[in-house]
Every structure is written in C-alpha cells, then in structure tokens.
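Asker: Any chance you could fold what I've pasted below:
(one chain, ligands or ions: 3)
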Amino acid sequence: MTRFSLSDRFDPKDPLAVFVFQKGQQLFWDGAAKNCPPAVLQTAKEDGYRGKPGGSFIVRPPEGKPAQRLLLLSAGERDELRPPVFRLLGATAAKRASDVGMKTLNVRLPKASGPLEKNIEAFVEGFLLGSYRYLRHKSSPDKTVMPDEIVFLVPEKRRVSLDAAISQGALYAEMTNYARDLINEPPSLKTPEMLSQKASELAGDRIKVEIFKKDVLAKRGMFALLGVNRGSAHPPALVHLRYVPAGKPKARLALVGKGITFDSGGLSLKASGGMKTMKCDMSGAAAVFAVFHALRRLQPRLEVHGITPLTENMPDGNAYKPGDVLRAANGKTIEVLNTDAEGRLVLADALSFAADLKPDAIVDVATLTGAATVALGKAYTALMSNNDVMTEKIRRASEKSGEKIWRLPLEPSYKEHLHSAVADLKNIGNEGEAGTIIGGLFLQEFVGQTPWVHLDIAATAWTNKATPMAPAGATGVMARTLLRYILAEGGAGR
Ligand code: BES
Ligand code: ZN
Ligand code: ZN
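Answerer: Ligands and ions are numbered 1, 2, ... in the order given. Predicted coordinates:
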C-alpha cells in the first residue's frame, strides 16, 4: 500500500504534483508552485490542457525544473479551494499516478483558507478511495500499480499535526474500502454465517460481539427476520456489536444496518436485471461493520451499538408468502404483500431490539427502496427522521465527508398507505406513491420515541459507472459519514 510522508526536499527526478487554478479561460498557479516556469502552462494549453476541475495533465518542463515531470492537478476556482477539492484531486492523482506507473509522487499543496491539516486529510482520503480495486477473484489482476510513496512537501515544523491528519484521512478511506470488500464479495461467499464470522473478528479490547442464532431469534420473538429467512438454505443471524469507552460515555448510540446477503425478491421474484446487483443488499450492515473496524483504532467517548440482521431473501418451498402475517419483536403484526419488501421486515426486529437498549439515538442504514433512485437519482442518500437536531448533526457529518444526503418528509398522512385489513401494518404502500417515504414510515413504527435517523442508500450503495473516488461496484457509502458523526458526538479519546 502507498505510504504517505512529509518532507521539505525532493528529488527532481520524481514527478511533482502542483495545483492549477482556473479563471475564465485563464490558468494559473499560486506561490506554492514556486520555480514552475510560467511558460509550462502555456505549453500545456497548446497541447490541449483546459484545466477542467478534477482533471489532470502531465508536462515535462524545459530543463527539468523544478522537476522532470509535473503533474498538473486542476483545482478550478481559487476561491473554492476547500477539502472536497483536495479529496477529488487526491483521487485524480491516484488514477494518474497508477496509469503511468509512478513510484514516488511529490505533492506541493497550494495555500488554502482552511487549515492545511484538513486539506491533507482530504487528499489522502481521496487518494486511497480512488486507489481501491477489488481483485480477489482475478487470476491475473491488471497491473494497476499504485505508487509506493506520496511525499507532501511541507515545512518540517508541522510534522506532528500533519502526521495525525494523514492517519485520519487514511482511516476514513480504509474503513470505506473494508466495507467495499465485504459488499463486492460474491453472495454465496458471504452467507449470514460467514458475515457473522467476519463480525466476530471485530471483537477487541473494548468491542464485544454477540451473535444471535435461530433459537435465540425465536426466543426474542424476531419472527419478521425468521420469516424472511424461511426460503433460504442458510440460517439467519443477528449480530450485536458493542463498543464501550473507558470513561463515562457522553451518549449512547445504536447503528442498525440492513444485512440481506442476497435479495432475489423471494416469491415476489425480481426480474434478472434488478437482481444482478443484489449482493449489495447488505451495504448497510457493511457500513456498520466498517464503523467498528475504525473504532478499534479511535476511542471516542461514546457507547456505540451495532446491530445487523443477516439473511438471504430466497424463494423455495418453505419461503414466506404474500398474505403471510409475521409478528416482529415489538409485538406488531405485519401482513406481507410483497416478499421483496423484506428489508423493512428484518429491520423491524433489529430496530425493536435497538430501541429496547434505550439509546440516545438510533441511525439505520439500508438499501431499502428502488424508489430512492427515482426520487433523488444516484448522487443522494435519502434521509428521514423523527428528530431535527439529529438530522442536522448527520447533515453536518455528510458535509464533511462529501457524501450527499437529502431529507424526505415522514408525512404522517401517508401512514394510512400501510393500513392492513388483517394485521397492524402491511409491508407495502400504494404502487408508485412515495415508496421511499413509505419505507421510512414503516420503520418508524419500530423505534418508539427514540431520536432516529433512517438513511436509505439504495441509490448510492452501488455504482455501475466508475467515479473518481470509486471504481464500478460497491461504494461503501455512509461509513465515513457515520464515523464523522460519532467523532463529532464523542471526540476521539486518544
Ligand atoms: N433491496 C431492495 C431495494 C433496492 C433496489 C436496493 C435497487 C438497491 C437497488 C429492496 O429490498 C426492495 O426490493 N424494495 C422494493 C420495495 C417494494 C416492493 C415496496 C422495491 O424497491 O421495489
Ligand atoms: Zn427486496
Ligand atoms: Zn432488499
């Protein structure tokens, strides 16, 4: 893996990355790019470089000064130079560096209005997110070689705080890549048993892991999760992770993640097109596991619970059927009218369990509704909540991470869509009407009065198109946002 280091000197034989700004047609750089001959930008322009934000260009300056090769990173408007730009250009640098096989890349960051720490953190985060590849099952992986070393050219005296910033940026990326690895794994290799096993590996000093198997689930009345599991050849599990800080916790938080290891739709079978990516239906659980992966290294003053209901959703002779009635752990009965709306069923039990812990807040993360993409497209995670203060906190965390969130209303009058003639609730609303909100309203029935945020990541968990920060496949979305939320609530303990 690429190492990041700091230095005030560099070898001109290695490429040097500098930021280029744009104003109208004009391209320029700041004092940080000192010794870069101005003619270089003119030549680059003549060779077709336009400075499009997020883009890059490699030039060889005359006489090899200040380095034999310059990697121009296009930063757009000078006034908008903030961490998101550094994050994006970190990813751009990763792509360029690997494309041309750079071994060492020196980076000279421009002066920005915010603290250098935050900018370096974002650059490292973007670099490592952009470097991610899922190669486990390739017998001869394409030779995408990442550089051995990135050297930030900064004054010696800032070393201590910048080293910490580098670790922090790397942690956000690593936890996300950890989630991506879990999600990209083929569904038959990540059954509930195997994911439980993975979760057990998160146990440590301050982290306890408990795994509820079928008998315990039945004892606890989790018949919604058990119902969804009936068509599967693999038994279900519910993982309960618990992080307890050394001192008195500032607050107690529960994170709940949907963990459908494969969603065929069950008897309400999906068409093959819609089924193709359904190994991603445990992305919520993966985000929760990723948070605990990070909590092994950070020690916030917060008690954190992670709860993930795990099962496949499959059709067979034992499968649950449209018309069945299931009782969730909080006693509410649910008429199943579509076995493909299984996420809300397994979450009904998991949220009831979370609410019983009496936490100060619950956040759930779930690939819940295809309608989320219809409502907001692929760029936004849909947020629904019964609490404005918590919503604001999550929104702030998402602003810092760059993972976009948009709030949808939990419109009370739509609750009647979930009215069932035979049970307390049914698991679907009216076709084509506010499907994402209906999913949220359903979940709300299981959190009681606990302040709660629901994040529907159905649109954002998976990308068919590579972006600078993620290759095609799992995005690992929301892990980085949740960790930022936790750190804002509980600070880092060390
Ligand atoms: N796992 C799906 C939602 C999903 C769709 C996630 C596309 C990622 C991409 C979920 O279990 C589901 O099938 N939901 C149904 C709900 C409907 C039957 C009320 C849906 O969205 O069609
Ligand atoms: Zn489904
Ligand atoms: Zn699903």
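
Asker: Could you count how many residues lie near the closest residue to ligand 1 within the stretch 51-200 of the chain?
Answerer: For the stretch 51-200 of the chain and ligand 1, the shortest gap (C-beta to the nearest ligand atom) falls at residue 183, measuring 11.3 Å. In this view, the C-beta of every residue, glycine as well, is placed from N, C-alpha and C. Here the number of neighbours of residue 183 (other C-beta atoms under 10 Å) works out to 27.

Asker: burial count for residue 217?
Answerer: Here the number of neighbours of residue 217 (other C-beta under 10 Å) works out to 23.

Asker: now could you export just the CA positions of stretch 158-167 as CSV?
Answerer: C-alpha atoms of stretch 158-167 as CSV (Å, rounded to 0.1, in the frame of the first residue of the first chain):
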residue,chain,number,x,y,z
ARG,A,158,4.2,21.0,11.1
ARG,A,159,5.1,17.3,11.1
VAL,A,160,3.2,16.2,14.2
SER,A,161,-0.2,17.5,13.4
LEU,A,162,0.1,16.6,9.7
ASP,A,163,1.0,13.0,10.5
ALA,A,164,-2.2,12.8,12.5
ALA,A,165,-4.1,14.3,9.6
ILE,A,166,-2.7,11.7,7.2
SER,A,167,-3.7,8.8,9.5
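
Asker: what's next to it, contact-wise?
Answerer: For stretch 158-167, contacts defined as C-beta atoms under 8 Å, 6 or more residues apart in numbering pick out 4, 6, 116-118, 120-121, 124, 152, 154.

Asker: which SS class is residue 334?
Answerer: On the three-state scheme (DSSP: H, G, I helix; E, B strand; the rest coil), residue 334 is labelled strand.

Asker: OK, contacts around it?
Answerer: Contacts here follow C-beta under 8 Å, 6+ apart; on that basis residue 334 touches 224, 325-328, 345, 348, 420, 423-427.

Asker: How about residue 485?
Answerer: By C-beta under 8 Å, 6+ apart, the contact set of residue 485 is 363, 393-394, 397.

Asker: Distance of the closest residue to ligand 3 within the stretch 51-200 of the chain relative to ligand 2?
Answerer: Using C-beta to the ion, the single residue of the stretch 51-200 of the chain nearest to ligand 3 is residue 187, 12.1 Å away. Going from residue 187 to ligand 2 by C-beta to the ion, to the nearest Å gives 13 Å.

Asker: again with residue 257
Answerer: In this view, residue 257 and ligand 2 are 15 Å apart by C-beta to the ion.

Asker: Close to ligand 1: what parts of this protein are there?
Answerer: Neighbours of ligand 1 within the chain, by C-beta under 6 Å from any ligand atom: 263, 281, 338, 340-343, 367-371, 428, 435, 458.

Asker: quick one: residue 296 and residue 207 touch, right?
Answerer: Yes - under the criterion of C-beta atoms under 8 Å, residue 296 makes contact with residue 207 at 6.6 Å.

Asker: And those two? Which one has more around it.
Answerer: Neighbour count, other C-beta under 10 Å: between residue 296 and residue 207, residue 207 has more, with 17 against 14.

Asker: so that one makes contact with residue 293?
Answerer: No - using C-beta under 8 Å, residue 207 is not in contact with residue 293, being 9.8 Å away.

Asker: Next, residue 384: secondary structure please.
Answerer: Applying three-state DSSP: residue 384 is strand.

Asker: Next, the residue of the stretch 151-300 of the chain at minimum distance from ligand 2: phi, psi?
Answerer: Relative to ligand 2, the nearest point of the stretch 151-300 of the chain is residue 263 (4.4 Å; C-beta to the ion). Main-chain dihedrals, residue 263, degrees, to the nearest 10: phi -110, psi 100.

Asker: Who is it paired with across the strands?
Answerer: Beta bridges link residue 263 to residue 313 when assigned by DSSP bridges.

Asker: State the number of residues packed around it.
Answerer: The burial count for residue 263: 27, using other C-beta under 10 Å.

Asker: which residues touch it?
Answerer: Contacts for residue 263 (C-beta under 8 Å, 6+ apart) come out as 270, 275, 278, 281, 312-313, 340, 342-343.

Asker: rerun at 7 Å
Answerer: By C-beta atoms under 7 Å, 6 or more residues apart in numbering, residue 263 lies in contact with 278, 281, 313, 342.

Asker: same check, this time on residue 104
Answerer: Contacts for residue 104 (C-beta under 7 Å, 6+ apart) come out as 14, 147-149, 151.

Asker: Residue 119 sits in which helix or strand?
Answerer: helix 116-131 (DSSP states H and E).

Asker: Which secondary structure elements does the helix or strand just after that helix sit against?
Answerer: Next in sequence after helix 116-131, counting helices and strands by DSSP H and E, comes strand 149-153. Packing partners of strand 149-153 (3 or more C-beta pairs under 7 Å, 6 or more residues apart in numbering; DSSP states H and E): strand 3-7, strand 104-108.

Asker: For strand 149-153, list every residue counted as buried.
Answerer: Across strand 149-153, burial judged by 16 or more other C-beta atoms under 10 Å covers 150-153.

Asker: do stretch 454-464 as well
Answerer: Buried, per 16+ other C-beta under 10 Å, within stretch 454-464: 454-463.

Asker: Low-confidence stretches in the stretch 51-200 of the chain?
Answerer: Scanning the stretch 51-200 of the chain with the threshold set as pLDDT under 70 gives 143.

Asker: again, 80 this time
Answerer: By pLDDT under 80, the weakly predicted segments of the stretch 51-200 of the chain are 141-144, 156.

Asker: Residue in the stretch 101-250 of the chain with the shortest distance to ligand 1?
Answerer: Distances between the stretch 101-250 of the chain and ligand 1 by C-beta to the nearest ligand atom are smallest at residue 228, namely 9.8 Å.

Asker: re earlier: mark which of the contacts of residue 485 are part of helices, please.
Answerer: Counting by DSSP state H, the members of the contacts of residue 485 that fall within helices are 393-394, 397.

Asker: quick one: residue 480 is in a helix?
Answerer: Yes - with three-state DSSP as the criterion, residue 480 is located in a helix.

Asker: which residues touch it?
Answerer: Each residue near residue 480 by C-beta under 7 Å, 6+ apart is listed here: 172, 175-176, 401, 403.
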